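J.: The following block contains a protein sequence and its predicted model.
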Amino acid sequence: MITKIDMNSTEFLTQLEKTEAFTDKVCQEFGFEYTPLDEVKESIQQGLTRNKIIYGKRYCPCFMVIGATKKEQTEADNRLCPCTPALNEEIPQNGKCHCTIFCTPEHAKELAQEEDMEEAAHTHSRGLSKEECQALMKKNQIDGNELESLLEARENGCVNFNLVDTREWMEWVANRIKGTDFLVPTTSFHNAMSQLNGQENIPVIVYCYSGSRSEYCQRILKHMGYKTVINLEHGIISFDGEVLSGE
């Protein structure tokens, strides 16, 4: 049976205010900062409030509450906010708790920078900084908007990489991403890779039509010793930037 809580009720709003004061106190006591992701923060605070109303305690909303009675719930060692695993393991090791509401100041700053980078990459509201480029180049997969922003940043001298098309020549002639440096067809991959000899330390971004062939080539390149290899997730069909055609 699902317990339904009216989030607009006086009871919920009153308890939510108390929960917000409670999480404020946790931050002050342990030197934490809230996640800069406001939707995450609000969602967890609402979940804590819900559990307080139902169970009488602010059990972590990211985990199931085990036990039909309060005694059983206590004996089951349910996660009670701020939970022991978060304080002893997750935050010291990862910079954040499992729910991400509580972070170290350093991790909160990193999350804020990532959020700002994501907004810039996907809205093109401004060019990426060198630091934001470095963060993007640590990813295993990027989307079309992120590649478009990286290509723009490369033109501005903020980042360096080789963009490699792993499709066949006929596909290349039909259309290819403007700024592509090499055509390395998957079917003749090892022979065509001779074009990149000596460039193992330069990051590589690979793409194909839908992302599957290039992901396969990504694994091969990493096995060959290329330090940074990134795949364009979903391939050229996900790219809305400028393309070229012809030989």
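T.: Here it is on my side, so go on.

J.: Which parts of the longest helix seen in the chain count as buried, going by neighbours?
T.: Among the elements of the chain assigned as helix by DSSP state H, the one spanning the most residues is helix 10-30. For helix 10-30, a neighbour-count test (16 or more other C-beta atoms under 10 Å) marks Phe12, Gln15, Leu16, Thr19, Phe22, Thr23, Val26 as buried. The C-beta positions use only the backbone N, C-alpha and C, and glycine is treated the same way.

J.: Which pLDDT value goes with the third one?
T.: Leu16 carries a pLDDT value of 95.

J.: and what of the first one?
T.: On the pLDDT scale, Phe12 is placed at 93.

J.: which helices and strands sit right next to the next helix or strand after the longest helix of the chain?
T.: Using DSSP states H and E, the helix or strand that follows helix 10-30 in sequence is strand 33-34. For strand 33-34, the packing partners by 3 or more C-beta pairs under 8 Å, 6 or more residues apart in numbering; DSSP states H and E come out as helix 10-30, strand 102-103, helix 105-123.

J.: can you list contacts of the first one?
T.: With C-beta atoms under 8 Å, 6 or more residues apart in numbering as the test, helix 10-30 has contacts from 5-7, 32-34, 45-46, 48-50, 52-53, 58, 81-82, 87, 101-102.

J.: Can you say which of these are buried?
T.: 5, 32-34, 45-46, 48-50, 52-53, 58, 81-82, 101-102.

J.: Run through the chain and note the low-pLDDT ranges.
T.: Within the chain, the stretches with pLDDT under 70 are 1-2, 123, 125.

J.: what residues go with each domain of it?
T.: The chain breaks down by automatic domain parsing into domains covering 10-103, 129-244.

J.: Is it possible to get CSV of these that adds distance to Gln113?
T.: Compiled in CSV, those are given as follows (distance: least, C-beta to C-beta, whole Å):
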stretch, distance to Gln113
domain 10-103, 9
domain 129-244, 7
